[in-house]
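Asker: Sharing a sequence plus its predicted fold:
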Protein chains: 4
Amino acid sequence: MADQLVRSGRKPRADAQRNRERLLEAATQVFNQGEAEASLEAVARQAEVGIGTLYRHFPTREALFEAIYRREVQQLVALAEQLDNEAPVEAVRRWVHAMIGFVAVKKGMSAALAVVAQSSSQLAVCMLEQMVGALDRLLRRAVSAGEMRGDISAEEILRALVGMCYMHDTPDWRRNVLRTADVLIDGLRYAARGPQPAGR
Amino acid sequence: MADQLVRSGRKPRADAQRNRERLLEAATQVFNQGEAEASLEAVARQAEVGIGTLYRHFPTREALFEAIYRREVQQLVALAEQLDNEAPVEAVRRWVHAMIGFVAVKKGMSAALAVVAQSSSQLAVCMLEQMVGALDRLLRRAVSAGEMRGDISAEEILRALVGMCYMHDTPDWRRNVLRTADVLIDGLRYAARGPQPAGR
Amino acid sequence: MADQLVRSGRKPRADAQRNRERLLEAATQVFNQGEAEASLEAVARQAEVGIGTLYRHFPTREALFEAIYRREVQQLVALAEQLDNEAPVEAVRRWVHAMIGFVAVKKGMSAALAVVAQSSSQLAVCMLEQMVGALDRLLRRAVSAGEMRGDISAEEILRALVGMCYMHDTPDWRRNVLRTADVLIDGLRYAARGPQPAGR
Amino acid sequence: MADQLVRSGRKPRADAQRNRERLLEAATQVFNQGEAEASLEAVARQAEVGIGTLYRHFPTREALFEAIYRREVQQLVALAEQLDNEAPVEAVRRWVHAMIGFVAVKKGMSAALAVVAQSSSQLAVCMLEQMVGALDRLLRRAVSAGEMRGDISAEEILRALVGMCYMHDTPDWRRNVLRTADVLIDGLRYAARGPQPAGR
DNA sequence: AATGAATGAGTGTTCATTCAT
DNA sequence: TATGAATGAACACTCATTCAT
């Protein structure tokens, strides 16, 4: 499903598995602490593995991105499920904060996400859908509770968040983005009750 | 103004001027209907002009970006001034819509803006500052009027808007982004009066 | 030695070794029968090898120079050691002649040496130092024996020799330079005993 | 004879003459305080003159070099004549020192001379011949006086000197080269009397 | 399966030279 | 004549991708 090795039915050779791990580890480092446009050769070098091996495991650059972030994405999906018990709006806020914190830790992930969000490969779409699904679940609850407007799709909001993260590269962008994200969430609440007389 | 240059037969040779125009036209097309990272050679080819000519007119990639978008940016700055008479929040909303519409017309401008927003060249910074200045002017009025919270900088909001635009490439992204931008603005209003009891 | 590498089937793949050889051969030809500033592309073409291959083997122009002339330089160093048993002045003369003969065979080496002598890369400096060291060893002996003046550094003399070679491109320059070099050596001897009354 | 303008019979226009002067001045500066490989465009810019004008006056790079150094060469030729009254060996030494000092002042002239010495254009040859002639005149006197060996041509010595200068780029190369040049001259004297018993 | 050598198209950039104004 | 815009060949260098070992 994810990449070539899995397809062959047979259990993957031990060293193949090890190399896959090394590559993911290396790619994470290279992409996260630098640019998302680093050369694949650099990744292979970091993993102390031949470039050919990299290609065997991840035939395209996107396959690599996807493999890197699949796990992380699943964490976010899991988090959404856990937040089911929270108050609706608060759950949305916490999930959004988690996502931003997540991107902040994995510096450079924003670029990768941007790439993914703009590509249209099946797998990229799938990843995006998962995240959209997670956020959607939370939003729906808030909307049902009458605490948020329901005419903005989760995908829209997700794209906005990713875009907000992507536009920064200063080291302290995180708190700024967090605040702006809160504004966005506030906007979703505000409209739930419609515009109100400015004089209260 | 352009007239003057053409008529006076002085320095700006006719063909030079024409080539400059062609290059801008071509660059706009190439960048707008593709990626902001298209090769300069491609631009020259599109303009049916030697690569050397491109370099003569625009010694760096950014000089080209800047030339393309400087005029447009100034339009937005001018718009901000015109909106001084509007109701504060409405003025903000209209300016934001104008900016998005502007990006929508110049499809791909978002990519260019993204590049600019992330680079740190003097000129890029200057362009960004101009737009920030325009938005800041409008925000301040709204804040002064007690209709918007004042702890989110214009730059943050601008980056968020650019990011939102950048994350889309479907043909109909515009209305989605407009709506999400409105949510953001609503958020700015909402907090001006503090969180309110949600029906509780 | 080369044998070993080839036979052991280990790391140095056969074709890599062959290409390296071809590149050195080609570079020697191109540089020697033309200018030291020939394009690297020309070298690759001569070697019938992709330009990328050239870069893999020799990441910089100087790395190529160095590879070409390292072995030869070491021969000269070795020669200096062998001449330790000769009469001091004669040893200097023979080494200098060897050097010139060496340049003469590798026509165009003078240009390469000139480049090296003017660059300041680590490796270039190292090569120069080796040759200076070799000549210095011989000069010291002659100075100790009271047969040469000691206030001219080996490096000066070496630069002069390289310069002399570099200034020629006629096919028969060798004997001319040899004679002039002898004059230089004579000058070193002459002053060992101080200026003498010229018959006056 | 030197360049195109002179050929046309008519007296050169005043501004043409002025531009020629500016170009020479500029070229001297650019070549002398930098590299002999500076772009012609840089020269034209320094002269505040169009590149086309440069080409009109000096159709080739060598024509420019030649024009620059012709006057200086003639100074050296004149100096040789003035030295006719000095003691022969001293005259040679003084001329050689003058030449080196000359190159030292016009930093970068060594590179230009090297170019000239290796080219084979008529004019370059002519320049070289003039300098050779000047030195030759002095050498002959010393040889006639029995104070120098006569089997080394002036051209050889000149090439050696130029080469020696060319091989340096440190700021204090002058004294080193002067000393080495003295050694060369000493060598010419030494052999005039043949090898002498080392014990005196 | 793993390796890394080979490839060459592609990009940015410079500069000598021509030519329209 | 003077100008400088236009040109494009040439070069250095990178990197994704293929393929022999």
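Answerer: That came through, no problem.
Asker: residues in chain A within reach of DNA strand F, list them.
Answerer: A:39-41, A:51-52, A:55, A:60-61 (Cβ under 7 Å from any atom of the strand). Using the backbone N, CA and C atoms, a C-beta is placed for each residue, glycine as well.
Asker: Which single one of those is nearest to A:Thr170?
Answerer: Among the residues of chain A next to DNA strand F, A:Ser39 lies closest to A:Thr170 (Cβ to Cβ), at 25.2 Å.
Asker: Which parts of chain A belong to which domain?
Answerer: A:4-59, A:66-192 (automatic domain parsing).
Asker: among the residues of chain A next to DNA strand F, which ones are buried?
Answerer: Listed as buried from these are A:Leu40; burial here means 16 or more other Cβ atoms under 10 Å in any protein chain shown.
Asker: any idea which of the residues of chain A next to DNA strand F is closest to B:Leu135?
Answerer: Nearest to B:Leu135 among those, with distances taken as Cβ to Cβ, is A:Arg61, at 36.1 Å.
Asker: need the contact list for the closest one.
Answerer: By Cβ atoms under 8 Å, 6 or more residues apart in numbering or on different chains, the residues touching A:Arg61 are A:Leu40.
Asker: one step back: which residue in the residues of chain A next to DNA strand F has the weakest pLDDT?
Answerer: Lowest pLDDT among those: A:Arg61, with 85.
Asker: about what we covered before: with respect to B:Glu90, which of the domains of chain A lies nearest?
Answerer: B:Glu90 lies closest to domain A:66-192 among the domains of chain A, at 15.8 Å (Cβ to Cβ).
Asker: Next, count neighbours for A:Gln17.
Answerer: Other residues near A:Gln17 come to 12 when the count uses other Cβ atoms under 10 Å in any protein chain shown.
Asker: quick check, the helix or strand harbouring it touching DNA strand E?
Answerer: A:Gln17 belongs to helix A:14-32 when elements are defined using DSSP states H and E. Yes - interface with DNA strand E: helix A:14-32 contributes A:15-16, A:19 (Cβ under 7 Å from any atom of the strand).
Asker: Any residues of chain A in contact with DNA strand E? List them.
Answerer: So chain A meets DNA strand E at A:5, A:8, A:13, A:15-16, A:19, A:49-53, A:55-57 (Cβ under 7 Å from any atom of the strand).
Asker: circling back to that earlier point, same question for the helix holding A:Gln17, mean pLDDT?
Answerer: Helix A:14-32 comes out at a mean pLDDT of 88.
Asker: what comes up buried for that helix?
Answerer: Buried, per 16+ other Cβ under 10 Å, within helix A:14-32: A:19-20, A:22-24, A:26-28, A:30-32.
Asker: And for stretch A:65-82?
Answerer: A:65-70, A:72-73, A:76, A:79-80.
Asker: quick one: it near chain B?
Answerer: No - figure legend: stretch A:65-82 not in contact with chain B (Cβ under 8 Å from any Cβ of the partner chain); closest approach 15.7 Å.
Asker: Report the backbone C-alpha coordinates of that stretch in PDB.
Answerer: Provided in PDB are the C-alpha atoms of stretch A:65-82 (Å, rounded to 0.1, in the frame of the first residue of the first chain):
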ATOM      1  CA  PHE A  65       7.200  12.600   1.800                       C
ATOM      2  CA  GLU A  66       4.200  10.500   2.300                       C
ATOM      3  CA  ALA A  67       6.000   7.700   4.200                       C
ATOM      4  CA  ILE A  68       7.600  10.300   6.500                       C
ATOM      5  CA  TYR A  69       4.400  12.000   7.400                       C
ATOM      6  CA  ARG A  70       1.900   9.100   7.400                       C
ATOM      7  CA  ARG A  71       2.700   8.100  10.900                       C
ATOM      8  CA  GLU A  72       2.500  11.700  12.200                       C
ATOM      9  CA  VAL A  73      -0.800  12.200  10.400                       C
ATOM     10  CA  GLN A  74      -2.200   9.100  12.100                       C
ATOM     11  CA  GLN A  75      -1.200  10.600  15.400                       C
ATOM     12  CA  LEU A  76      -3.300  13.600  14.600                       C
ATOM     13  CA  VAL A  77      -6.200  11.400  13.600                       C
ATOM     14  CA  ALA A  78      -5.900   9.500  16.800                       C
ATOM     15  CA  LEU A  79      -5.900  12.800  18.800                       C
ATOM     16  CA  ALA A  80      -9.100  13.800  17.100                       C
ATOM     17  CA  GLU A  81     -10.700  10.700  18.400                       C
ATOM     18  CA  GLN A  82      -9.500  11.300  21.900                       C
END
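Asker: Max pairwise distance over the residues of chain A next to DNA strand E: which two?
Answerer: Checking the residues of chain A next to DNA strand E with Cβ to Cβ, the most distant pair is A:Ser8 and A:Ile51, at 21.4 Å.
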